[in-house]
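**Student:** here is my input; please provide its structure:
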Amino acid sequence: MVKRVVATDEALTFIKSLKNKYGSIFFYQSGGCCDGSTPLCYRDGDFRIGDHDICLGSIGDIPFYMHKRQYDYWKHTQLIIDVADGEGPTFSLDSIEEKHFITRSRVFTAGEYEEVKKLLSVDGKI
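**Tutor:** This next block holds a predicted model:
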């Protein structure tokens with residue numbers, strides 16, 4: 001099964017440490033307003049998911065959301081969440097850590113994209 005969002009091993013380790021430190025958390029892929037196009041990490045209740053936000057899947061058992069309009073631009077790519085050294089975006093939990101999340105991507109192959117499109121009609125997430 002093709003996943004819309006995945007994470008590197010280093011990102012998964014960082015996610016685990018944030019989860020242990022802050023409890024229940026989730027990701028929201030920024031659309032570029034204040035902190036650029038970065039994955040933002042929030043504690044449950046610190047950011048409200050809206051009616052037009054969709055869940056792309058989960059990484060490290062943590063849900064990953066994006067606004068539907070943003071997804072329309074990224075739907076042909078797999079998001080790969082990674083970690084880099086340095087301070088993170090101001091609004092994200094990783095802003096106070098010595099590492100921060102970054103989004104990399106790769107274009108789906110034609111076969112993968114067809115599979116993703118079929119999943120969309122089955123899972124009802126998008």
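
**Student:** contact partners for residue 103?
**Tutor:** 29, 37-39, 79-82 (CB atoms under 8 Å, 6 or more residues apart in numbering). Where you see a C-beta, it was placed from the backbone N, CA and C, and this is true even at glycine.

**Student:** rerun that using 7 Å as the cut-off
**Tutor:** Going by CB atoms under 7 Å, 6 or more residues apart in numbering, residue 103 touches 29, 37-39, 79, 81.

**Student:** can you check residue 29 too?
**Tutor:** Residue 29 neighbours (CB under 7 Å, 6+ apart): 39, 66, 70, 103.

**Student:** could you pull up phi and psi at it?
**Tutor:** Main-chain torsions, residue 29, degrees, to the nearest 10: phi -80, psi 120.

**Student:** what bridges to it?
**Tutor:** Under DSSP bridges, the beta-bridge partners of residue 29 are residue 39.

**Student:** before we move on, what about residue 106?
**Tutor:** Using DSSP bridges, the bridge partners assigned to residue 106 are residue 78.
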